[in-house]
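Colleague: sequence and predicted model, in that order:
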Amino acid sequence: MTTTTLAVLVPLLPFLGAAAGLAVGRTAPGFVRPLAVLPTLAAAVLAVLVAVRQGGNTVIEASTQLTPTGSVPITLGVHIDGFAALVAVLVGVVASCVQIYSTGYLREDPRYPSYAALVSLFTAAMLLVVYSGDLMVLLVGWEIMGICSYFLVGHYWETPEARSASLKAFLVTKLGDVPFLFGLFALAADAGTFRIDGILSTVASGGLDHPTLVALLLLAGVAGKSAQFPLHTWLPDAMAGPTPVSALIHAATMVAAGVYFVARLLPVFAASAAAMTVLAVMAAITMVGSALAALAQDDIKRVLAYSTIGQLGYMAGALAVGDRGAAVFHLLSHAAFKALLFLAAGAVIHAAGTNSLTAMSRMSGLAKRIPDAYWTMTVALLALAAIPPFAGFFSKEAVLVAAEHTALGDRATAPAGAGWTILVAGLLTAALTAAYALRLWLRTFRGHGPEAPRHGRQPIAMTSVLWVLAIPSLGFGLSAVYLDDWFDGEALTPTLTTAVLGTGLAVAGGAVTYAVWRTLAARAAPAVKTPHVAHPDADAGLVEAEALHLPHPAEDPADPGRALLGPLYGPAAAGFHLDDLYRKVFVRPVLGAASLVRFLDREVVDTYVSGAAGSAKGLGWLVRRAQTGNVQTYLSALLAGSVVLAIAAVALANAFAGA
């Protein structure tokens, strides 16, 4: 079987699994789990075979015209370079882990069949984006992921949080997709093709007429899909969905799609210094702002959501300095430990017995009760904090090294100012990341909240996946020296300067956080150990807290985030009020305009329509009244009319005679 055939089967198998799962989900529930796991697992194996055959240093191209358009042709084909081969392996492995994990996590969920089918469709869409050689076909996968995220985030549609979060995710990403679509059209108009190889050839020959316009339009879609400032606000709210969905979206699919798209078409963006500068500023604000917000969150999943936004900022920063190898390397590394973090958080939620009890201020006794989640989450948090030799250290260092080279003028693909911006923001974010990672670990596993109810043993499907993902979280970074062929042949090893600065700041951030936590914990009064009693409204987490006489999360006296952030704590906890700003600047004017249109429609347009209808109705009433059916009346009217006409005729004759 040829490599191209194998590549076609990689996205096709999960798609067929999704179709079969939707078809037999209710009639044959025993087939749902095999149809969810086996096609995705087979796709992961085939993706590995494709990567081995591709070898990293060659590009596999194959295409056929999909349909005649009369202008720019659309082709169906594959474009597999080293980045595509590795990212496809990543998507297949993480999606397989999520599907296996979900068989235990959602085993009692009545909507599991539709959930599993949507996860498979989500996976197929991302694999289509990864392998596609035509931008229009890539756009199909891009949009399918958007609709899948809408349904998956809204899985618990009974809760208003899930409904609003799914709608917000869909609308915010679509806000970026509109200019993204225009950017694709403008790019194809300049290049004369939607094929990726043709576009890259056009850019290399200097044939791109409007590089800045095209790049900025495309960046709008990337900002929405990969949750970059200012279109990142949908991602924290998306935590209302099932935790395995969060792992899939945050680690390997939707948010990675934007970064991967820029990496694949980086020459298009590098052709405009203005676009690279905009990308650098966007990435820097995203990194620092999301790290500050993560340091103020009480919900575990929201901390991880803001962490994802910040790590995506690192990837965007690497692209802003022209190093797609460092960006994709961090994408792969981050996918492993972020999937592990979310799935371990799911184990914490499962141990608590409710999807609402995810506040760190209410955690106690979890380290001994769920040792698998405790140890694997510790590994993932060390990787997130970029502590050597964990995977995050090597991939984050690759980003900082790329920024350093650009700042010092050793790399000419981006302005030096972009390099300094990413370098300074990256180092500051390194300290903040270690601070909120340690804060999460301390408050989750060393907290003094009320002990949650015991929910039985963790299913083996959940615990085994955690240990599988712990392996790349620990050792993937060490493989960088063997993957040069897949990363444009560039070395991804750390340098002494950035390693010392980055690790030193991370250690300092963690040390300060630990010292503050110890001080606050010693001063705080011992928490009252009250047996947990589930409230009838399982989704009312704050009601549970009030029933147990717990402090509000924002008033937790042992929270080091409040002491570290000081006056920034309130704004950071609220995401710097960006949602409120958008509500005032965009939502209210739109609602006001809608109210005006409704008024005009009802009071003006409807008035004219109703008036026309009333006039016709009144005229009809008059005509109906004249039709009495009495012959004498008709003859009298005829005689009267004849007399009137005769008098009028005589008057006219006299008038003409006198003239």
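Modeller: Thanks, I have the structure now. Numbers count the residues shown, from 1 in each chain.
Colleague: now the helix or strand hosting L22: average pLDDT?
Modeller: Secondary structure from DSSP states H and E places L22 in helix 3-24. Taken as a whole, helix 3-24 carries a mean pLDDT of 93.
Colleague: make residue 1 into 96 and carry on from there
Modeller: Understood, numbering begins at 96; the last thing we discussed is helix 98-119.
Colleague: list the buried ones in it?
Modeller: Buried residues in helix 98-119, counted by 16 or more other CB atoms under 10 Å: 98-99, 101-110, 112-113, 115-117, 119. To be clear about C-beta, it is placed using only N, CA and C from the backbone, and glycine gets the same treatment.
Colleague: so where's this protein uncertain?
Modeller: Scanning the chain for pLDDT under 70 picks out 447-452, 459-460, 543-551, 619-651, 754.
Colleague: longest helix anywhere in it?
Modeller: Longest helix of the chain, by residue count under DSSP state H: helix 255-286.
Colleague: residues in contact with the most centrally placed residue in the chain?
Modeller: Central residue of the chain (CA atoms, centre = their mean): V350, 4.5 Å from the mean position. Shown in contact with V350 (CB atoms under 8 Å, 6 or more residues apart in numbering): K320, S321, A322, L330, I344, T403, L407.
Colleague: D696: which of those is nearest?
Modeller: Checking those against D696 by CB to CB gives K320 as the nearest, at 35.4 Å.
Colleague: re the thing from before, ok, and the closest non-adjacent residue to the residue nearest to the centre of the chain?
Modeller: Among residues not flanking V350 along the chain, S321 sits closest, at 5.1 Å (CB to CB, 6 or more residues apart in numbering).
Colleague: neighbours around the closest residue to G249 other than its chain neighbours, how many?
Modeller: Excluding its sequence neighbours, the residue lying closest to G249 (CB to CB, 6+ apart) is S261, at 3.1 Å. Around S261 there are 24 other residues, counting by other CB atoms under 10 Å.
Colleague: give me the distance between S261 and M334.
Modeller: To M334, S261 is 12 Å away according to CB to CB, to the nearest Å.
Colleague: helices of the stretch 546-695 of the chain, residue ranges please.
Modeller: Using DSSP state H, counting those that start in this stretch, the helices assigned to the stretch 546-695 of the chain run over residues 555-570, 591-618, 636-642, 655-660, 664-668, 673-677, 683-694.
Colleague: of those, which is nearest K396?
Modeller: helix 636-642 (11.9 Å).
Colleague: tell me the SS of P483?
Modeller: Under DSSP: H, G, I helix; E, B strand; the rest coil, P483 falls in the coil class.
Colleague: could you give the backbone dihedrals for it?
Modeller: When quoted as degrees, to the nearest 10, the phi and psi of P483 stand at phi -70, psi 150.
Colleague: can you tell me the closest non-neighbouring residue to it?
Modeller: Closest residue in space to P483, ignoring its immediate chain neighbours: T598 at 6.4 Å, by CB to CB, 6+ apart.
Colleague: packing partners of the longest helix of the chain?
Modeller: Applying 3 or more CB pairs under 8 Å, 6 or more residues apart in numbering; DSSP states H and E, one finds that helix 255-286 contacts helix 230-248, helix 291-299, helix 306-320, helix 329-332.
Colleague: what angle do helix 291-299 and the first one make with each other?
Modeller: Interaxial angle of helix 230-248 relative to helix 291-299 (axes from the mean of the first three to the mean of the last three CA atoms, to 10 degrees): 120 degrees.
Colleague: report all helices and strands that helix 230-248 contacts.
Modeller: Judged by 3+ CB pairs under 8 Å, 6+ apart, helix 230-248 is in contact with strand 169-175, helix 207-226, helix 255-286, helix 306-320, helix 338-346, helix 349-359.
Colleague: of those, which is nearest L717?
Modeller: Among the helices and strands packed on helix 230-248, helix 255-286 comes nearest to L717, with 52.7 Å by CB to CB.
Colleague: follow-up on the earlier one: skip ahead from the helix holding L117 and say which helix or strand is next.
Modeller: Using DSSP H and E, the helix or strand that directly follows helix 98-119 along the chain is helix 127-149.
Colleague: contacts for that following helix, please.
Modeller: Helix 127-149 has contacts (CB under 8 Å, 6+ apart) with 98, 101-102, 104-106, 108-109, 111-112, 115-116, 119-120, 155, 175-177, 180-181, 183-184, 186-188, 190-191, 194-195, 197-198, 207-208, 211-212, 214-215, 218, 222, 581.
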